[in-house]
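[1] need coordinates for the following:
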Amino acid sequence: MEEPDDRAGGFRKETVDRLLRLHFQDRRTRVNGDAQLLMAEMLNVFVREAAARAARQAQGEDRRTVAVEQVEKVLPQLLLDF
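    Reported below is the predicted structural model:
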């Protein structure tokens, strides 16, 4: 399935580009399209994993819905894993 031209891995290319540029010192640095696609794929994996872990945390607490509290609980370990 192909992504629309303005999306990369489910994220808008502008969003991925801005996230990449947050750490560049030179504002004129350009980002390769392949780098944007790779970053978008990593963001996609990260978000899916965060959602899955938060859902498991909510199940462990006998909750039917995931709240911010469950995401906050799994976030430290998730960041260490990535």
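[2] and residue 56, what is it in contact with?
    residue 74 (C-beta atoms under 8 Å, 6 or more residues apart in numbering). All C-beta atoms are positioned from the backbone trio N, CA, C, and that covers glycine.
[3] so that it lines up with my notes, have the first residue be 339 from now on.
    Yep, numbering from 339; the last one is residue 394 now.
[4] distance of it relative to residue 388?
    Plainly put, residue 394 is 11 Å away from residue 388 if you go by C-beta to C-beta, to the nearest Å.
[5] please enumerate the shared neighbours of these two.
    Common neighbours of residue 394 and residue 388 (C-beta under 8 Å, 6+ apart) are residue 412.
[6] pLDDT weak spots in this structure?
    339-347 (pLDDT under 70).
[7] excluding chain neighbours, what is closest to the spatially most central residue of it?
    Nearest to the mean C-alpha position of the chain, by C-alpha atoms, centre = their mean, lies residue 381 at 2.9 Å. Using C-beta to C-beta, 6 or more residues apart in numbering and skipping residues adjacent in sequence, the residue nearest residue 381 is residue 349, 5.7 Å away.
[8] cool, and residue 419?
    Using C-beta to C-beta, 6+ apart, the closest residue to residue 419 is residue 387 (7.9 Å).
[9] identify each buried residue in the helix or strand hosting the one you found, please.
    Per DSSP states H and E: residue 387 is located in helix 371-398. Neighbour-count burial for helix 371-398 flags 374, 377, 378, 381, 388, 391, 392, 393, 395, 396 (criterion: 16 or more other C-beta atoms under 10 Å).
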